[in-house]
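Engineer: structure for the following, please:
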Amino acid sequence: MRLALAILACLLTIWAVRTFAAPAPWYLWESRIDQYRICLQYPPGEGWVKAGGPFSDAGCRLPYGKQPSR
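Structural biologist: Numbers count the residues shown, from 1 in each chain. This next block holds a predicted model:
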């Protein structure tokens with residue numbers, strides 16, 4: 001009985017993770033020094049401010065939640 005409950009708990013956990021997982025959004029970051037812009041999913045460090053986002057693609061073109069058309 002315990003084994004069946006453990007297996008069921010594992011299966012429910014895997015289902016929940018796959019159901020609610022989503023890719024991290026991309027943000028446009030701008031340098032405070034020379035206004036250079038980059039697109040990253042995480043802050044590049046001190047001296048950078050968020051200039052836009054969130055975006056769905058690495059080019060920072062599609063608003064978050066929109067899927068690229070194929």
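Engineer: retrieve the pLDDT associated with residue 70.
Structural biologist: Residue 70 carries a pLDDT value of 62.
Engineer: residue 52: which element?
Structural biologist: In this structure, residue 52 sits in strand 48-55 according to DSSP states H and E.
Engineer: output that strand in CSV with nothing but the alpha carbons.
Structural biologist: The C-alpha trace of strand 48-55 is given here as CSV (Å, rounded to 0.1, in the frame of the first residue of the first chain):
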residue,chain,number,x,y,z
TRP,A,48,22.4,47.6,-15.9
VAL,A,49,18.7,48.6,-15.8
LYS,A,50,15.7,46.9,-17.2
ALA,A,51,14.7,48.7,-20.4
GLY,A,52,11.8,46.5,-21.5
GLY,A,53,10.0,43.2,-21.2
PRO,A,54,9.0,40.6,-20.6
PHE,A,55,9.5,39.0,-24.0
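Engineer: that strand: which residues count as buried?
Structural biologist: For strand 48-55, burial by neighbour count (16 or more other Cβ atoms under 10 Å) applies to 48, 53, 54, 55. C-betas here are computed from N, CA, C, even on glycine.
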